[in-house]
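>>> Sequence first, then the predicted structure:
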Amino acid sequence: MATNSRHLALEIIGRLAKNEKIESFAAELQNNLQESSEQFLWKTLNKHLDKRDLENEFRSAWMFVLRKNTPSEAHYHPNSTQYTAIIKGDGTCEIGGEKITLQKFDPSMITTLYVIDQGVSHEFFPGDEDLVVLSLHTVAPEELIEINCSLDKKRNYQ
């Protein structure tokens, strides 16, 4: 994976994180999550990207809010590489069998961007508050596929 892609992802997620609408989206998703039985909820953010951001390898931007103290379930994306940053909350994740303590996103620190290659299993373990995540994917929203590792169940997000 090119260092260039990581730096570009840092820039794009950094701009998204500063967007004043992002905080209200997070609050809205958190409120909706409290009324839901789902482990997590999401929102696509493509309309909040600069059109130039989608002229490179990134094709979609997402916000996920994961329920506190509730694992996301191990899954993988057979058709997309995922660039992920933690905006709020804490916890751990397992990416390709490696356990990682999550760090809050800092656009000046490349180590706060988590890159999950296409086909690599990953699972998030939020701590004592909901985990708010911004992600970039290398496929368009309607093309993103998730495969649950234990159930071999397919999910499309759109």
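Here it is on my side, so go on. Numbers count the residues shown, from 1 in each chain.
>>> all strands for this protein, in order.
40-44, 60-66, 75-76, 82-88, 91-95, 98-101, 114-116, 122-126, 131-137, 145-148, 154-156 (DSSP state E).
>>> so who does the residue positioned nearest the centre of the chain touch?
Centroid-nearest residue in the chain, with C-alpha atoms, centre = their mean: Ser135, separated by 3.3 Å. Contacts of Ser135 were listed using C-beta atoms under 8 Å, 6 or more residues apart in numbering, and they are 61-64, 82-85. Using the backbone N, CA and C atoms, a C-beta is placed for each residue, glycine as well.
>>> so where's the chain shaky on pLDDT?
Scanning the chain for pLDDT under 70 picks out the ranges 1-3, 158.
>>> The same query, at a cut-off of 50, please.
For the chain, residues meeting the criterion pLDDT under 50 lie at 1.
>>> Could you check how far the residue nearest to Asn156 when sequence neighbours are not counted is from Glu38?
Take Asn156 and drop its neighbours on the chain: the residue closest to it by C-beta to C-beta, 6 or more residues apart in numbering is Ile145, 6.1 Å away. Separation of Ile145 from Glu38 (C-beta to C-beta, to the nearest Å) stands at 18 Å.
>>> which of the residues in stretch 141-157 are buried?
141, 144, 146-147 (16 or more other C-beta atoms under 10 Å).
>>> next one: stretch 31-40
Buried-residue list, stretch 31-40, by 16+ other C-beta under 10 Å: 33, 40.
>>> May I have the distance across it, first residue to last?
12 Å (C-alpha to C-alpha, to the nearest Å).
>>> Equivalent analysis for stretch 120-134, please.
Stretch 120-134 stretches 18 Å from its first residue to its last (C-alpha to C-alpha).
>>> In contact with the residue nearest to Asn156, which residues?
Contacts of Ile145 (C-beta under 8 Å, 6+ apart): 77-80, 154-156.
>>> Show me which of those residues is closest to Thr92.
Closest approach to Thr92 among those (C-beta to C-beta): His77, at 19.8 Å.
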